[in-house]
Each structure stands twice: as structure tokens, then as C-alpha cells.
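Student: Take this sequence and fold it.
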Amino acid sequence: MKKLPVGIQDFRKLRSEGYLYVDKTEYIYRLCESGGYYFLSRPRRFGKSLLVSTMKELFSGSRELFEGLWIEDKWDWEKKNPILHIPFSSIGHKELGLEQALHAHLDEIIEQRDLDIAEKVLSQKFEKVIKKLSSEGQVVLLIDEYDKPIIDYLGEETKQAKANQQILKNFYSVIKDSDPYIRLVFITGVSKFSRVSIFSDLNNLDDLTMTRMAAGMLGYTQEELESNFKEHIKALTEEEQQDPLPKIRDWYNGYSWDGRTFVYNPFSILLLFKHHTFSNHWFKTATPTFLVKLIRQREYVDLDGIEVGETAFDSFDLDDLKLEALLFQTGYLTVKAYNRDRLLYTLGYPNREVKQSMLEYLIDIFSKLPHPRVRTYAFEVVDALAAGEMDKVEEVLNILLHSLPNQMYGKEERLYHIVIHLFFKYMGLEVDSEVNTSRGRADAVVALEDKIYCFEFKLNKTAEEALEQIRQRGYLDKYRSTGKKLIAVGVNFDGQKREVELDWESC
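Tutor: All right, here's what the predicted structure looks like:
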């Protein structure tokens, strides 16, 4: 059983020390064979840096590292190219400042390669390094996580993000005029930010992000999972005492960029097989604070099933962040389907890990209910609804209401709906909000195996008024043919008493 490469982003280390490698060299071959200028966006910890490291060793002619891989007998190992590699995650931009960090990185290359370069201006130094390296052959320029100096400052430090954006614009502007000296440019990142010259000046830049060509380049396909992790799956089967593949698929599969090819999150898969624990391995490595704040500001909670056009993924401005695009590019939403006639993408949560974790964060930011307690209360409500114990449901909803921030009390009814909707969704219940009927819209319908609950919410009125609206408008009529028990639930939020009042009846 080969060692699992958790956190290893260096291809040489991975191959020379006997770690498991899922062979992606066919994708790399098709990309690199003809050269060109490419950009690829993927979420954090999805293998971008390992991909860049693999390309670096390929163009360096390190044939011994590719023994037994698809590309071994297809690549011209005699032809080598000088490589200029800029890994923004490790140049120390936060400690030194971005401009100084780039100077230091280029100076290290100049010293290592004994280049005669004395330029003091950053862009001029970068241009000169490319030209000098080209004396050995056309340069392969590999820029990993180009946007990290911007992403790291989103939210509270937008001023610094904008300053770094301008530094990057000046730095990258050199690439276009260096075309005669370059064989290939490969740039990775998370998001496409405007006012960065790689997207405005490089008119020959090929964005691979949503293409079929790159759909399986990162992440593990179902076939790759089952063929490369056979022994690990067997070990997990023995521990779980059942076939774990359906559960693994539910937790970690579902990422797609073309609506056809779906892949597993590689980081979560590696940690699953290492610890034999189903958990939110990827999500908890970084809290999406700035994203959650954007959602809170816009009261945006219905993330599943969002439809967007192709322009939603164009580069965007720091002053006008597109929430749906950011959620997609950072991995919290993925392409569930693509309508080729209408050019519309349907976005949604990729899997259980992301959905459950994101809903926990949203409940926290809207209600301030501590994360550890969310799951406990959720199970209590699920059990109470299944048993028809509405007093217990009322008790937990009161706890939720008391957890609301003070500024929410007495405000719009919609804010209360948001918290309840998030809570029901988190519980894994089949819940629809604002369900259309012939005489109006029900606030929430929750379907169980043998029961259907219809909830109507009121603010500073009475639960009986909410219940009467369900009766008069026949919100449950469309469900009578299901044969399930139908239960109407009127809910009133009392902003002054800070209490929830429930009234219910079978229909």
C-alpha cells in the first residue's frame, strides 16, 4: 500500500519517495505539446501546485520521475527548456510585502543561474530574467496561485488587495512583449480579477477553467478513485463492514466545471483514507469568512440551484465582487448542469461535506448559534418531526430565536425565515421555501417519509393567523394524493418577547 501524499505538492518528492500518484500526465501532454498561454482556475488544495511541479520536472527532462506513467514514451526527453517558476504561496508576500518578495524571488533566480542583471525596477527585472533565460531555449513560465496576494486580503483589508492588484498588473504586463522568448505560460489561481494584465493584455490567453479538456485534470474521477485506491478502499470496507463507495461519493464527489465530468476532492479523499474518518476535511482547512459576510449582507441563502450565464465567470472588480462566481471559483458551489442551448449554468453544493459545513457557517453568522450545538439541535428536531412531537420542535425553535443577534429582533420577517430555512436544510430535510400554489406561496414545506409539514411564518402576529392562512389558501391540497399525513404548522415570531409560538393541526 503506497504512502498517501497528504499535503505534498512537490512531484519529485512524491515520485522519488514512493508516494501514491494518480497519473495526470496525459492531460499535461495534451496541454504542453504545442505550447501556448493558459490559465486554470481551481479551488484551494485541489492539486494546482502539484500540477505545476509536475510540468516543471517534465520540461527539465527528469525522465526518471515519469517511469511507468502514461507520458514516459511519448515525450521528447532530450529537449529541455529553461523554467521560470513563481509560486506565490511561498515567496513570502505577507512577510516582506509583495513587491519586495518578488524582487527577492527573482534575485534568487539571478544568483542561481548566474545571470548578469542589474535592473532595479521590478517589471524590468522580470523582463530581463525572461530574456536572459531564453539564451538556453524558449522559456517555460509557470505562475502558481497568481492571485494569492489578492485573495489573502479580501474582506477587511481591501486596500491592501487593491495595492497588490496594481503591483501584479505592472509585473504581469511584461509577459505580452516577451512572447518571442516564451514556449509556454501556465498560470493557476482561484479567481479572475479585473485590472490584472494577464486577463486584459494577453489576448492569446486560453482560459481552461470550464473546458472539457481540463475537466478531469485535477481531482479524482470515479475510475481513478477505484483503480488507484483499491487497497485503501478494501481497508475501509473492512472497518465499515460494508461497501464504502456510496458514502464516499456522497461526502466528497460532485465537483464539476463542465457539467459532465464529476471529480472527487483530492485533499478530502487522502485524509479519509489516512484517518478512516468521514469529516469536513477540506472545508475546515480555511473558513470562508469574507464569503460568509457577503452572504450575510445580501441575505443570500438559497445557494442550491442558482442559474447563471457565462458572463458570471468573467473577471470581476474588487469593488463589485460577484458572490455566485466567488462561491463557484472557491469550491463552495459547482456546476451541476449546463444548458448548451441557453448557455446557462446551474450551480449547487458539490457534496455533503461542503453543504453541511457551509450551512453550519451560515447558521452561525445569521443566528450566532455555536457550531457544536447546531448538530445536536438538528437531530432533536428531526426526531421530533418524525414522531410528531411539536412541543419539542417549538422548544428548539425558541433556542434558535434566542440566538439571533439583537439587531435582528423586530426586523423583517424574512430574516427569521432565513434562519429556519437554513436550519431545516442543515437537518437534511427535503424543504422547499415559498412553495407556489394556486392561491399563494407556502413559506416552507418539509417532506418526511410518512408526513408532510407545511409551515407558515408570521412576525408579531399570532400562530393561529398563520395556521388560518394555510387553511384558507389550501397550501397542503396538492399533497393529498401522496397518502402521507399532512400537518399544518403556524409559527409566530414575537420580537418583543423573543419567543416562538407554534400552533398545528392535521389536515
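
Student: From here on, just use CA atoms for contacts and neighbour counts.
Tutor: Fine.

Student: where's the spatially most central residue of the chain relative to residue 282, distance?
Tutor: Here the mean C-alpha position of the chain is nearest to the C-alpha of residue 331 (C-alpha atoms, centre = their mean), at a distance of 1.0 Å. According to C-alpha to C-alpha, to the nearest Å, residue 331 stands 10 Å off from residue 282.

Student: quick one: pLDDT of residue 415?
Tutor: Looking at residue 415, its pLDDT is 68.

Student: An error on my part: the question was meant for residue 314.
Tutor: pLDDT, residue 314: 78.

Student: what do you get for residue 195?
Tutor: We have a pLDDT of 70 for residue 195.

Student: So it sits against residue 165, correct?
Tutor: Yes: under the criterion of C-alpha atoms under 8 Å, residue 195 makes contact with residue 165 at 7.2 Å.

Student: Neighbour count: the two, which is higher?
Tutor: residue 165 (22 against 19; other C-alpha atoms under 10 Å).

Student: Flag every buried residue along the host helix or strand of that one.
Tutor: When elements are assigned from DSSP states H and E, residue 165 belongs to helix 158-172. Buried residues in helix 158-172, counting neighbours by 16 or more other C-alpha atoms under 10 Å, are found at 158, 161-162, 164-165, 167-169, 171-172.

Student: what packs against that helix?
Tutor: Counting contacts by 3 or more C-alpha pairs under 8 Å, 6 or more residues apart in numbering; DSSP states H and E, helix 158-172 is packed against helix 98-112, helix 122-133, helix 148-151, helix 197-200.

Student: which stretch in those is the model least sure about?
Tutor: helix 197-200 (a mean of 78).

Student: now that helix: how far from the chain's centre is it?
Tutor: Between the centre of helix 197-200 and the centre of its chain there are 23 Å (C-alpha atoms, centre = their mean, to the nearest Å).

Student: what's that helix in contact with?
Tutor: When contacts are defined by C-alpha atoms under 8 Å, 6 or more residues apart in numbering, helix 197-200 is touched by residues 168-170, 172-173, 192-194, 205, 315.

Student: What is the nearest of those to residue 80?
Tutor: residue 205 (23.2 Å; C-alpha to C-alpha).

Student: Which pLDDT value does the model give that closest one?
Tutor: pLDDT, residue 205: 88.

Student: bridging residues for it?
Tutor: Listed beta-bridge partners, residue 205: residue 37 (assigned using DSSP bridges).

Student: What about it, how many residues nearby?
Tutor: Counted with other C-alpha under 10 Å, residue 205 comes out at 18.

Student: mind listing what it touches?
Tutor: So residue 205 contacts 36-39, 198-199 (C-alpha under 8 Å, 6+ apart).

Student: tell me which residues of the helix or strand where residue 395 lies are tucked away?
Tutor: Per DSSP H and E: residue 395 is located in helix 390-402. For helix 390-402, the neighbour count (16+ other C-alpha under 10 Å) marks 390, 393-398, 400-402 as buried.

Student: For it, give me every contacting residue.
Tutor: 367, 369, 377, 380-381, 384-385, 420, 498-502, 504.

Student: Spatially, which two of those are the most separated?
Tutor: Most distant of the contacts of helix 390-402, by C-alpha to C-alpha, are 369 and 504, 25.9 Å apart.

Student: which of these two has more neighbours?
Tutor: Taking other C-alpha under 10 Å, residue 369 and residue 504 do not tie; residue 369 has more neighbours (21 against 18).

Student: Can you classify that one by secondary structure?
Tutor: Under DSSP: H, G, I helix; E, B strand; the rest coil, residue 369 falls in the coil class.

Student: With residue 425 instead?
Tutor: Applying three-state DSSP: residue 425 is helix.

Student: After the helix-or-strand element of the chain with minimal mean pLDDT, heading C-terminal, what element do we hit next?
Tutor: Using mean pLDDT, DSSP states H and E, strand 430-437 stands out as the lowest-scoring helix or strand of the chain, at a mean of 56. For strand 430-437, the following helix or strand on the C-terminal side (DSSP H and E) is strand 440-447.

Student: Can you tell me the strand partners of that following strand and which way each runs?
Tutor: strand 430-437 (antiparallel), strand 451-459 (antiparallel).

Student: buried set for that strand?
Tutor: Under the neighbour-count criterion of 16+ other C-alpha under 10 Å, strand 440-447 has 442-447 buried.

Student: Nearest to residue 225, out of those: which one, please.
Tutor: Using C-alpha to C-alpha, residue 447 comes nearest to residue 225 of the buried residues of strand 440-447, at 34.2 Å.

Student: bridging residues for the closest one?
Tutor: When assigned by DSSP bridges, residue 447 has beta-bridge partners residue 430, residue 452.
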